[in-house]
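Visitor: model this:
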Amino acid sequence: CIGTYALVNSLLTVVIGVFGMGVGALTGDFNTARSALGPVLMPNLIFSGFLIPYDDIPGYFKWLYWASPVQYALTMLNINEFQNKDFTDCNEDTIPDQCVDSADCFSDGDELLEEQNITKENFGQDLLILFALWPALALFMYYSIRKFIRSA
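Guide: Okay, here's the model as predicted:
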């Protein structure tokens with residue numbers, strides 16, 4: 001549904017934007033903020049489960065998966081895109097027999113989500129987490145700006 005897609009992407013944009021403004025206020029100038037945001041945001045992307053699947057993330061980095069707002073958004077977008085969808089391109093009629101056994105073929109979206117350990121219950125939970133991050137990071141931004149103004 002396009003509405004869900006728009007909601008999730010808008011919410012993620014706001015959460016990341018508020019966080020970026022807080023970091024920017026702490027640093028004081030554009031170049032320092034840009035230098036600080038890269039090392040902070042890249043782990044959010046790398047360990048969101050998209051580039052490195054959760055099962056392949058080393059144990060000492062798993063906390064980055066759970067701390068990543070991108071992970072929550074990706075989970076919701078996966079549910080939105082694949083739940084209750086039938087796949088017609090991955091069956092014995094379209095793929096030779098020798099490939100079916102070795103390929104990650106899914107007959108429907110629910111099977112794909114199950115393989116990724118995603119259930120439809122994750123949607124509501126992840127939405128609440130992103131909504132909770134918004135005011136939490138807004139407080140971080142507020143105190144960062146307040147500190148910057150007092151130091152100026």
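
Visitor: which helix in the chain runs the most residues?
Guide: Using DSSP state H to define each element, the chain has its longest helix at helix 121-151.

Visitor: how far does that helix sit from the chain's center?
Guide: The chain centroid and the centroid of helix 121-151 are separated by 16 Å under CA atoms, centre = their mean, to the nearest Å.

Visitor: Let me know the secondary structure of N117.
Guide: On the three-state scheme (DSSP: H, G, I helix; E, B strand; the rest coil), N117 is labelled coil.

Visitor: Could you list every helix and strand in contact with the longest helix of the chain?
Guide: helix 2-27, helix 69-82 (3 or more CB pairs under 8 Å, 6 or more residues apart in numbering; DSSP states H and E). Backbone N, C-alpha and C define where each C-beta goes, glycine included.

Visitor: and these, which is most packed in?
Guide: helix 69-82 (a mean of 20; mean count of other CB atoms under 10 Å).

Visitor: elements contacting it?
Guide: Packing contacts for helix 69-82, counted by 3+ CB pairs under 8 Å, 6+ apart, involve helix 2-27, helix 30-46, helix 109-115, helix 121-151.

Visitor: pLDDT of the third one, averaged?
Guide: Across helix 109-115, pLDDT averages out at 85.

Visitor: Ok, stretch 133-149 next?
Guide: According to the model, stretch 133-149 has a mean pLDDT of 84.

Visitor: Now that stretch: buried residues?
Guide: L133, L137, A138, F140, M141, S144 (16 or more other CB atoms under 10 Å).
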